[in-house]
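>>> model this:
(one chain, ligands or ions: 1)
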Amino acid sequence: MGAAKNNNWAILEGEGGGSSGGNDASSSSSQIPYSSSVVDTSLPLPLMIPRIIELCKDLFSNWRELDDSLFSVERVSGGITNLLLKVSVKEEDKESSITVRLYGPNTDYVINRQRELQAIKYLSAAGFGAKLLGGFGNGMVQSFINARTLAPSDMRQPKIAAEIAKELGKFHKVNIPGPKEPQLWVDILKFFEKASTLVFEEPDRQKLYETISFEELYKEIIELREFTGLLNAPVVFAHNDLLSGNLMLNEEEERLYLIDFEYGSYNYRGFDIGNHFNEYAGYDCDYTFYPTKEEQYHFIKHYLQPDKPDEVSAREVESVFIETDAYKLASHLYWAVWAIIQARMSPIEFDYLGYFFLRYNEYKKQKPLTFSLVTSYLSASV
Ligand SMILES: Nc1ncnc2c1ncn2[C@@H]1O[C@H](COP(=O)(O)OP(=O)(O)OP(=O)(O)O)[C@@H](O)[C@H]1O
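Prediction:
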């Protein structure tokens, strides 16, 4: 445990962040305590628990003197990228809970941690997501959100869809200082470079990997970049990973939380919406669940004007609808290429190569329809 800061956490300085002096886990102070300790993510949970308690005591001075028996640590299910733990502490008459997020090994290939921290700082100030309470060598501590995580089928409920649209509209209005160039193609091409030069240890996986035509994939990426460029689509600070697991709802308080900003960046708004619609299909990629045109219109109207959705002009709805349809293809390519890297780098048992094929095949299936829809829209609007 110590005071050293890594480069990522240094960006929180200037608001008092980056100190290792300890703090109060529940305080609203802008001081973000930092510990340079690294928790070994390969440890089984019972062996990891004492390290987590030690880390919490190092970060939060008001817990330092408490007996370890007052802490309980449990795994929060759901994540496929990181290990998320809930730490509860019994103090006199109250129990407080926080979450400790341990970055998954090798996630740096697909996640820009500096970009994530910069985004959290401003998004959290704007009231989005969990509050950032502290940082450490391979993770961060955030407030525990008392809410249920949505399932893909929840997202299409008209009332919930309207709420998601409204929150996303607000999210897209947050200003994150720094460069504002859309990152979509920069990120896809970065992923592509890594994905196309991998070697798998398992012969079966290597064989399957070799069936992927990277030449074809590259051509598709470039073609789609040119094609979507014709739309001159608006750029916003986008969440980029708005799947059901990143939406939490407290029904009593009627509060919806957008969480997990790991992939957040300036990007095309149509990408964020199209990507969200693709997530109606869940990890199984059952695209029969992709929202109907009526459901998409409902979402888009609430996104554009939550207070008076029926007063949004047909022209405006149509333009977001077209952008969304075009960029939903980019979402397939993005996560398809991402999945190839994950197949090689992630320790998580998930059929990532199978996921690549599901996304890429859906891209190929949807491409002719989308290209003809967008082309007729563009020719009608000149
Ligand atoms: N601050 C929080 N409070 C309570 N629960 C949380 C919090 N953050 C995340 N969760 C729960 O943990 C799950 C996984 O969280 P998160 O999406 O941040 O992890 P992840 O590993 O990045 O997941 P994925 O890669 O699937 O997006 C969420 O679906 C939610 O159920």
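>>> Get me the contact residues on this structure for the ligand.
Residues of the chain lying near the ligand by CB under 6 Å from any ligand atom: 76, 78-82, 84, 99, 130, 142, 144-145, 149, 245-246, 259-260, 262. (C-beta placed from N, C-alpha, C; glycine too.)
>>> Kindly report the domain assignment for the protein.
What automatic domain parsing lists as the domains of the chain is 2-143, 148-381.
>>> Now the longest one: average pLDDT?
Along domain 148-381, the predicted local confidence has a mean pLDDT of 97.
>>> which residues does the most centrally placed residue in the chain contact?
The residue lying closest to the centre of the chain (CA atoms, centre = their mean) is Asp241, at 4.0 Å. Neighbour list for Asp241: 260, 262-264, 275 [criterion: CB atoms under 8 Å, 6 or more residues apart in numbering].
>>> Tell me how far stretch 32-50 lies from the chain's centre.
Relative to its chain's centre, stretch 32-50 lies at 23 Å (CA atoms, centre = their mean, to the nearest Å).
>>> all strands for the stretch 151-300 of the chain, in order.
In the stretch 151-300 of the chain, the segments counted as strands under DSSP state E, counting those that start in this stretch are 235-238, 247-250, 255-258, 265-268.
>>> all helices for this structure, in order.
Using DSSP state H, the helices found in the chain span residues 7-10, 45-59, 113-125, 158-171, 184-195, 203-210, 214-229, 269-278, 293-304, 314-345, 352-380.
>>> burial measure for the residue lying closest to Tyr334 once chain neighbours are set aside, as a count.
Excluding its sequence neighbours, the residue lying closest to Tyr334 (CB to CB, 6 or more residues apart in numbering) is Ile188, at 5.4 Å. By the measure other CB atoms under 10 Å, the count of residues near Ile188 is 21.
>>> Tabulate the contacts of Asp241 (TSV), appending neighbour count.
What follows is the contacts of Asp241, written out as TSV (neighbours: other CB atoms under 10 Å):
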residue	neighbour count
Asp260	25
Glu262	22
Tyr263	25
Gly264	28
Asn275	25
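>>> In contact with Tyr218, which residues?
Counting by CB under 8 Å, 6+ apart, Tyr218 has contacts 192, 196.
>>> how close does it sit to the ligand?
Using CB to the nearest ligand atom, to the nearest Å, one obtains 26 Å as the distance from Tyr218 to the ligand.
>>> again, but for Leu184
Per CB to the nearest ligand atom, Leu184 is found 18 Å from the ligand.
>>> quick one: the nearest residue to that residue once chain neighbours are set aside from Tyr103, how far?
Leaving out its chain neighbours, the residue that sits closest to Leu184 by CB to CB, 6+ apart is Asn267, at 5.3 Å. Remark: distance between Asn267 and Tyr103 (CB to CB, to the nearest Å) = 22 Å.
>>> Could you check which of the two has the larger neighbour count?
Legend: neighbour count by other CB under 10 Å for Asn267 and Tyr103, higher for Asn267 (28 against 22).
>>> and the residue lying closest to Pro179 once chain neighbours are set aside, what is it in contact with?
Excluding the flanking residues, the one nearest Pro179 by CB to CB, 6+ apart is Tyr266, at 7.2 Å. With contacts defined as CB under 8 Å, 6+ apart, the neighbours of Tyr266 are 176, 179-183, 235-238.
>>> Spell out for me the PyMOL command that would select the buried members of those.
Filtering the contacts of Tyr266 down to the buried ones (16 or more other CB atoms under 10 Å) takes a single PyMOL command:
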select buried, resi 176+182+183+235+236+237+238
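>>> closest to the ligand among the contacts of Tyr266?
Nearest to the ligand out of the contacts of Tyr266 is Ala238 (CB to the nearest ligand atom; 15.1 Å).
>>> Quick one: residues contacting that closest one.
Applying CB under 8 Å, 6+ apart to Ala238 gives the contacts 172, 264-269, 271-272.
>>> now do 7 Å
Counting by CB atoms under 7 Å, 6 or more residues apart in numbering, Ala238 touches 172, 264-265, 267, 269, 271-272.
>>> quick one: the closest residue in space to Val38 that isn't next to it in sequence and Ser61, what's the gap?
Spatial nearest neighbour of Val38, excluding adjacent residues (CB to CB, 6+ apart): Gly137 at 3.6 Å. In this view, Gly137 and Ser61 are 19 Å apart by CB to CB.
>>> Neighbour count for the two, which is higher?
Gly137 (18 against 14).
>>> Just confirm Leu333 contacts Lys219, I think it does.
No: counting by CB atoms under 7 Å, Leu333 does not reach Lys219; the two are 11.3 Å apart.
>>> Just want to know which of the two has more residues nearby.
Between Leu333 and Lys219, counting by other CB under 10 Å, Leu333 is the more crowded of the two (22 against 11).
>>> could you check the distance from that one over to Ser124?
Using CB to CB, one obtains 30 Å as the distance from Leu333 to Ser124.
>>> again, but for Asn112
For Asn112, the distance to Ser124 - CB to CB - is 18 Å.
>>> now Ile322
Using CB to CB, Ile322 is found at 33 Å from Ser124.
>>> Neighbour count: these two, which is higher?
Between Ile322 and Ser124, Ile322 has the larger neighbour count (other CB under 10 Å), namely 20 against 16.
>>> Now do the contacts for that one.
For Ile322, the contact set (CB under 7 Å, 6+ apart) comprises 373-374, 377.
>>> repeat that with 6 Å
374, 377 (CB atoms under 6 Å, 6 or more residues apart in numbering).
>>> That one and Gln296: what is the separation?
Going from Ile322 to Gln296 by CB to CB gives 11 Å.
>>> burial count for Glu201?
When neighbours are defined as other CB under 10 Å, Glu201 has 7 of them.
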